[in-house]
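A.B. asks: Here is a sequence with its predicted model. Questions after.
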Amino acid sequence: MQYTQLGRSGLKVSRLCLGTMNFGPQTEETDARAIMDSALESGINFFDTANVYGGAGHRGRTEEILGRWFATGGERRERTVLATKLYGTMADRPNESRLSALSIRRALDASLKRLQTDHIDLYQFHHVDRMTPWDEIWQAIDVAVQQGKILYSGSSNFAGWHIAQAQEAAVRRHSFGLVSEQSIYNLLTRNVELEVIPAAQQYGLGLIPWSPLQGGLLGGVLKKGHDGVRRTEGRSLATLEKHRDQIRQFEDFAGELAREPGDVALAWLLHQPAVTAPIVGPRTPGQLQAALRALDLVLDAAALQRLDGIFPGHRTAPEDYAW
């Protein structure tokens, strides 16, 4: 396994992050435990979850699955860099969502209880809260850090200017601020290259891409004959039809490399300088093993240029559109 530091922090994390969103809704607890054990055995020490994960009517269930797994011992908690998130609605009451100081306190204590741990290593804002001032957010986070309940803070789904706003407010308070940003980023969806990635690099945040295979569309969907509900219904089907020619070219190029398309898509992310660790969300142990193959795939300059030709990216704003 390869390791790197998370943003400007001294925290070492694996180059792949285990996403747990499927644990509960898609993956039974027994299989989820097997996946987590296999992840640790392979060297993945970075696990990501969120307080809202668990499925409709079962928010919090995924954290509970992780908590019961930690409780089985074997230094599972000690070997894991644990990341979770808050923002989404957890109950039909005021102050059970967003990022007010009260919401942060309640959500944090509830996550700690479900996860059966005394601290969270990376506590992430699942979305920007335009209604709560950053001074209030950072005051609540600073208290939690002083209490030993969290170590680092991260953001998710932030715009570039949100990152700047958060970091400048942290500087004014002499707080450490954000160390990571979790955004959708893959060969098909490269909007973060405009402003999010430049902001993250300027302020020392590591990028943690979610949906690295665009919901499976970069995992060989044409080659496999449209298997899998998630890939072939709703927005995924519309995206497939819109980008069918590009996806076909991509799968053909993966064939030239004698690698699976998913390997190539993940390896491309691992070659991007801003990326710390793509989040892989396996539903089965086999899918986890498939993701690990990308760590050994080295793409040379010609291969990277070929991929940029199939899926053109963005230059930093404003040069991308103004010059």
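C.D. replies: Now that the structure is in, tell me what you want to look at.

A.B. asks: Assign a three-state SS to E96, would you?
C.D. replies: Applying DSSP: H, G, I helix; E, B strand; the rest coil to E96 yields a three-state assignment of coil.

A.B. asks: If we ignore the residues flanking it in sequence, what's nearest it?
C.D. replies: Excluding its sequence neighbours, the residue lying closest to E96 (C-beta to C-beta, 6 or more residues apart in numbering) is M90, at 4.9 Å. C-beta: built from backbone N, CA, C; applies to glycine.

A.B. asks: the strands in the protein, which residues?
C.D. replies: Ranges of strands in the chain, per DSSP state E, are 3-5, 12-14, 17-19, 46-48, 81-86, 120-125, 150-156, 178-184, 206-210, 279-280.

A.B. asks: who does the last one touch, helix- and strand-wise?
C.D. replies: For strand 279-280, the elements it packs on are strand 17-19, strand 206-210, helix 285-292, judged by 3 or more C-beta pairs under 8 Å, 6 or more residues apart in numbering; DSSP states H and E.

A.B. asks: Kindly report the same for the second one.
C.D. replies: Counting contacts by 3+ C-beta pairs under 8 Å, 6+ apart, the secondary-structure elements packed against strand 12-14 are strand 3-5.

A.B. asks: before we move on, back to that, can I get the strands of the chain in a markdown table including mean pLDDT, distance to F70 and mean neighbour count?
C.D. replies: Below are those laid out as a markdown table (pLDDT from 0 to 100; distance: least, C-beta to C-beta, whole Å; neighbours: other C-beta atoms under 10 Å):
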| stretch | mean pLDDT | distance to F70 | mean neighbour count |
| --- | --- | --- | --- |
| strand 3-5 | 98 | 21 | 14 |
| strand 12-14 | 98 | 18 | 20 |
| strand 17-19 | 98 | 14 | 26 |
| strand 46-48 | 98 | 10 | 26 |
| strand 81-86 | 98 | 9 | 25 |
| strand 120-125 | 98 | 12 | 24 |
| strand 150-156 | 98 | 16 | 23 |
| strand 178-184 | 98 | 22 | 25 |
| strand 206-210 | 98 | 21 | 24 |
| strand 279-280 | 98 | 20 | 22 |
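
A.B. asks: and I141, what does it touch?
C.D. replies: I141 sits next to I104, Y123, I150, S153, S175 when contact means C-beta atoms under 8 Å, 6 or more residues apart in numbering.
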